[in-house]
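Colleague: sequence plus the predicted model coming up.
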Amino acid sequence: MGRFSERFGALALLDRDSPAYEQAGLAYLTLDAHEAFERLLAEPRLLRLPLVRAGSRLSVGSDEEAWRAWLGSGV
């Protein structure tokens with residue numbers, strides 16, 4: 001998860017549409033990147049999935065456009 005957090009930031013890894021996000025009351029809080037990362041470590045259900053890695057390429061969540069581009073480039 002560290003590689004994804006470095007590339008996109010911990011806040012981008014939070015699944016704001018998940019029941020876990022709502023149950024944790026995060027919609028009402030302002031988190032910085034460090035706090036978001038700590039929450040993600042403590043509660044993996046908060047992760048925006050899938051986390052996809054193809055070599056050095058990364059994507060968070062459903063990103064079919066990026067995946068097609070990767071396939072087209074021969075990854």
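Modeller: It's in.
Colleague: where exactly do the helices run in this protein?
Modeller: For the chain, the helices defined by DSSP state H cover 2-8, 10-13, 19-23, 33-42, 64-72.
Colleague: list the residues that contact Leu11.
Modeller: The neighbours of Leu11, taking CB atoms under 8 Å, 6 or more residues apart in numbering as the test, are 31, 33, 36. Backbone N, C-alpha and C define where each C-beta goes, glycine included.
Colleague: who wins for neighbours among those?
Modeller: Ala36 (20 neighbours; other CB atoms under 10 Å).
Colleague: tell me how far Asp15 lies from Gly9.
Modeller: 14 Å (CB to CB, to the nearest Å).
Colleague: then Ala66?
Modeller: Per CB to CB, Ala66 is found 17 Å from Gly9.
Colleague: pLDDT and distance to Glu22 added to the contacts of Leu11, as a markdown table?
Modeller: Below are these laid out as a markdown table (pLDDT from 0 to 100; distance: CB to CB, whole Å):
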| residue | pLDDT | distance to Glu22 |
| --- | --- | --- |
| Leu31 | 95 | 15 |
| Ala33 | 95 | 21 |
| Ala36 | 96 | 16 |
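Colleague: which of those residues sits closest to Gly2?
Modeller: Ala33 (12.4 Å; CB to CB).
Colleague: wait, that closest one touches Phe8, no?
Modeller: No. Contact criterion CB atoms under 8 Å: Ala33 and Phe8 do not qualify, at 10.4 Å.
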